[in-house]
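K.L.:
let's see this in three dimensions:
(2 chains)
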There are 2 protein chains.
Amino acid sequence: MTDLLGRVHAAAGPYLESLATRPVQDGDALDLLASLGGPLPAAGEDPARVIDRLLAVGTAAATTSSGPRFFHFVTGGVTPAALAADWTAALLDQNAFSRISSPFAHEVETVALGWLRELFGLPATWGGALVASATFANFTALGCATHWWGFQHGVDTAADGLAELPRIPVLSSGYVHASARKALQMLGHGRNAVTVCARDDVGRVDLPLMRRHLESLRGAPAVVIANAGEVNTGDFDPVAELAALAEEFGCWLHVDGAFGLFAALSPRTAGLVAGIERADSIAADGHKWLNVPYESGFALIKDPARLTAAFGMPGAAYLPGAGDPAAGYALSGPESSRRARSLPIWATLAAYGKEGHRAMVEKHLDLAQHLARRVDAAPDLQRLAEVPLCIVCFRAAPPGVTDLDDLNRRLGAALLADGRVYAGTTVYNGQVALRPAIVNWRTTESDVDFFVDVIRELLPGLT
Amino acid sequence: MTDLLGRVHAAAGPYLESLATRPVQDGDALDLLASLGGPLPAAGEDPARVIDRLLAVGTAAATTSSGPRFFHFVTGGVTPAALAADWTAALLDQNAFSRISSPFAHEVETVALGWLRELFGLPATWGGALVASATFANFTALGCATHWWGFQHGVDTAADGLAELPRIPVLSSGYVHASARKALQMLGHGRNAVTVCARDDVGRVDLPLMRRHLESLRGAPAVVIANAGEVNTGDFDPVAELAALAEEFGCWLHVDGAFGLFAALSPRTAGLVAGIERADSIAADGHKWLNVPYESGFALIKDPARLTAAFGMPGAAYLPGAGDPAAGYALSGPESSRRARSLPIWATLAAYGKEGHRAMVEKHLDLAQHLARRVDAAPDLQRLAEVPLCIVCFRAAPPGVTDLDDLNRRLGAALLADGRVYAGTTVYNGQVALRPAIVNWRTTESDVDFFVDVIRELLPGLT
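P.N.:
Numbers count the residues shown, from 1 in each chain, chains lettered A, B, ... in the order given. Just a heads-up that it's a prediction; the model follows:
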């Protein structure tokens, strides 16, 4: 088996070194994908040849979203310590289900959750769950909110469900993310459960409108979602003001901080998340600004008992149950058997510390400002929003072009087809725009410059 | 970074070689866990030292649930090709969110889902989703069932939730697993949504009772869960008879085949799952009998459109939406960003083929029969059930001991404390029993013999 692993290790060095300069996507290499298909093999094939083929195709056709020039979505890379720890998690193949299935994985998860609380300045009394993604961090947090809400109505929703209950009132600004809606959808509330209180087309919160909605509930329990990091510009809902409203009306306050929670790491941006300690739940995703692999979402919950109430397993005689010292995190989160996804989180925090991660965040803040300056200095580009964090929202606006939405849509497609750098388009304030997000530890100023250069190189061919 | 990866690679060989003979758990090594704790480091530490420490503690304190002597729960190992592919997934760090985030991961997932359908003899028209676990395979399948059920009532539950609806009727035998109940709990139905139709304390299905329940619904839509592989003995609900009932009453039929679905691989056991092609959904978990890493659950759905209806993301301008050629599996499953968990599934099926996996299943069938014979031959052991698959349910019953439940509870605890082999206790038919499950590719006849020897060595000290 080590022979197979040696093949992966041998491929790793050249692949990782290539990330600094290779295109995000080599379109020609996609032709190789066909060699992985065909019908299910009857007899199998030499495993060494299988792994060689996977590596040959994978290292050529991979989308280097872990490289420094991928600004699409909000996608971090993987720090060296996190990647080595992820290999360790695969090697040891621990089941982070319970103390009895792996005391090692259980302990590392306990330490990792504690360190995450410290990283964001939250009290040690908070509970938490390591989950698959930002979507499931929202799912876990809003699952706790659901159980709290049912309890106010005298129903244990974990046991008896939502059938006897009215629709849950959920209020947020227009910044509410699709993943929070999907979480509500999967929890049985429907994606349309959110009442959006926005004062403009951008989605900024309308606090007086939210107050009127809350008043109209006449004391019925409700959930307020504060969005710490909007995806188009990196703007924030005013968390403290939403916390004050939630406290006044006795609501559950959930903070969706998928990437924005990391603003807490720098004194330059900590003000953006002031008040998060007043929330009942917070969701974030480590594959974004922590720079750990996928499957690294986490939910932090003020009252840990809510996690076990909402996500405890029904009993089974062959499994450890609630109160059993052999039990563990499967009873306080959505999943049962899980890989030891705590290892990369533990390793990156151990290796680079609070200071190292603060420095990474501040480097990205600087790079975003640098990109904003480059955009502002370019006569054919137009910035559309302030840059409070790590996202720069702008569009191409060369003199004389009238249909800028069409141009920017074609520019977005041309960028992806070109493949040297990746960024996605969005619609911001009714205008088609690019919204590069800078959260990868590998990204340098020259990568950001290269991004601007590629755009300005492509533009003349599109007008 | 390759230096760090080299450290993991160097540790891999000795660790994997040790699996054949090392204890499942070295209790003394758990003292090492304290060295991973403490407060969040401010400045960090040399990453090489961090990884060395993680490897030193991990390889000593790990629970070798991937080794040949772990018979607790239902826990497979990881084939060499699957482990190498998992390292590849970590190295390439692809986001299996959509075609645009990784055409490579999207293509491998498409191939892997097709191969899984072929492996179980299901038509190519079925859809599927690779999810985190058996729990989320049930969640995904029952989420589709929920959407179908809401549709019968004229409600799009994905948009509007469960608030206007009655409680969903879910019928099953007493074999229904805790993970199916937890899935119902998380979907908003409550874990008590299941009406159990059992004719005895073991939980065998009472078909006439289920028929009477279905008749009492007077045509209202309902969900029937057939359990393909009960956890105490490996027994099966009669899938074809439940399919006939479901068809007669127009129900959604879900088959929970977490590990039992793999009975389809051998002509010796395929009869146990006859009728699965009549189901609307099937859930299974690759970390069990496929011998791939954790995070390898999968749901197979007869009507693929149900997946996108139930799990499609609400729109967001910066993300690919339904119908967009850039979209992908995030719109047909619970999760958004995900690691390329298809790679280990693809690699193990490519390397060992249908025949290799059939041979592995049959080896385990043989080992289970061997264990049953060893139990039957031992004067101090008593088998409690037939052995249709890979689980042997038995207890210690030395002559002259009156409180056998107490003895077997202490035997279970003594086994785990001893640590050389692992198995769990359960309560079967009112009796405390052991229920070793044999699904690891590394397990040999001598491991099974060793398991019996350890039990019979411990027993005299307990009576």
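
K.L.:
helices of the stretch 301-450 of chain A, residue ranges please.
P.N.:
Assigned helices in the stretch 301-450 of chain A, in chain order: A:304-311, A:342-377, A:404-418, A:445-458 (criterion: DSSP state H, counting those that start in this stretch).

K.L.:
what angle separates the longest one from helix A:445-458?
P.N.:
Spelled out, it's helix A:342-377. 50 degrees (axes from the mean of the first three to the mean of the last three Cα atoms, to 10 degrees).

K.L.:
what are the buried residues along helix A:342-377?
P.N.:
A:342-354, A:356-361, A:363-365, A:367-368, A:370-372, A:374-375 (16 or more other Cβ atoms under 10 Å in any protein chain shown). For glycine as for every other residue, the C-beta is placed from the backbone atoms N, C-alpha and C.

K.L.:
any weak-confidence spans in the stretch 301-450 of chain A?
P.N.:
Filtered on pLDDT under 70, the stretch 301-450 of chain A yields no residues whatsoever.

K.L.:
mind telling me which residue of it is nearest chain B?
P.N.:
Here the stretch 301-450 of chain A gets closest to chain B at one residue, residue A:353, 3.2 Å apart by Cβ to the nearest Cβ.

K.L.:
three-state assignment of the residue lying closest to that residue once chain neighbours are set aside?
P.N.:
Distances taken as Cβ to Cβ, 6 or more residues apart in numbering or on different chains place residue B:44 nearest to residue A:353, at 3.2 Å, with adjacent residues excluded. Following DSSP: H, G, I helix; E, B strand; the rest coil, the label given to residue B:44 is coil.

K.L.:
kindly report the same for residue A:227.
P.N.:
In three-state terms, and counting by three-state DSSP, residue A:227 is strand.

K.L.:
that one: what's it in contact with?
P.N.:
Residue A:227 makes contact with A:172, A:173, A:175, A:176, A:177, A:236, A:237, A:255, A:256, A:260, according to Cβ atoms under 8 Å, 6 or more residues apart in numbering or on different chains.

K.L.:
scan those and report the most crowded one.
P.N.:
In terms of neighbours by other Cβ atoms under 10 Å in any protein chain shown, the contacts of residue A:227 top out with residue A:260 at 32 neighbours.

K.L.:
what sits against the closest residue to it other than its chain neighbours?
P.N.:
The shortest distance from residue A:260 to any non-neighbouring residue, by Cβ to Cβ, 6+ apart, is to residue A:229 (2.1 Å). Residue A:229 makes contact with A:235, A:236, A:256, A:257, A:258, A:259, A:260, A:261, A:263, A:389, according to Cβ under 8 Å, 6+ apart.

K.L.:
distance of residue A:229 relative to chain B?
P.N.:
Relative to chain B, residue A:229 is positioned 13 Å away (Cβ to the nearest Cβ, to the nearest Å).

K.L.:
ditto for residue A:151
P.N.:
Distance of residue A:151 to chain B, given as Cβ to the nearest Cβ: 13 Å.

K.L.:
quick one: neighbours of that residue, just the number.
P.N.:
Applying other Cβ under 10 Å, we find 15 other residues in the vicinity of residue A:151.

K.L.:
ok, back up a step: just send the helices of the stretch 301-450 of chain A back as TSV, with distance to residue A:34 too.
P.N.:
Shown next, in TSV, are those (distance: least, Cβ to Cβ, whole Å):
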stretch	distance to residue A:34
helix A:304-311	42
helix A:342-377	33
helix A:404-418	20
helix A:445-458	29
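
K.L.:
and residue B:446, which of those is closest to it?
P.N.:
Of all the helices of the stretch 301-450 of chain A, it is helix A:342-377 that lies closest to residue B:446, at 32.1 Å by Cβ to Cβ.

K.L.:
how much distance is there from that closest one to the middle of the chain?
P.N.:
Mean-position distance between helix A:342-377 and its chain equals 15 Å (Cα atoms, centre = their mean, to the nearest Å).

K.L.:
what's it packed up against?
P.N.:
Under the contact criterion of 3 or more Cβ pairs under 8 Å, 6 or more residues apart in numbering or on different chains; DSSP states H and E, helix A:342-377 touches helix A:80-92, helix A:103-119, helix A:286-289, strand A:381-383, helix A:445-458, helix B:47-61.

K.L.:
wait, which of these is closest to residue B:161?
P.N.:
Smallest distance to residue B:161 across the helices and strands packed on helix A:342-377 (Cβ to Cβ): 28.3 Å, for helix A:286-289.

K.L.:
dump the residue contacts of the residue of the stretch 301-450 of chain A closest to chain B.
P.N.:
Counting by Cβ under 8 Å, 6+ apart, residue A:353 touches B:40, B:41, B:42, B:43, B:44, B:45.

K.L.:
next one: the closest residue to residue A:65 other than its chain neighbours from residue A:454, what distance?
P.N.:
Ranked by Cβ to Cβ, 6+ apart and with sequence neighbours excluded, the top spatial neighbour of residue A:65 is residue A:75, at 5.0 Å. Between residue A:75 and residue A:454 the computed distance is 18 Å (Cβ to Cβ, to the nearest Å).
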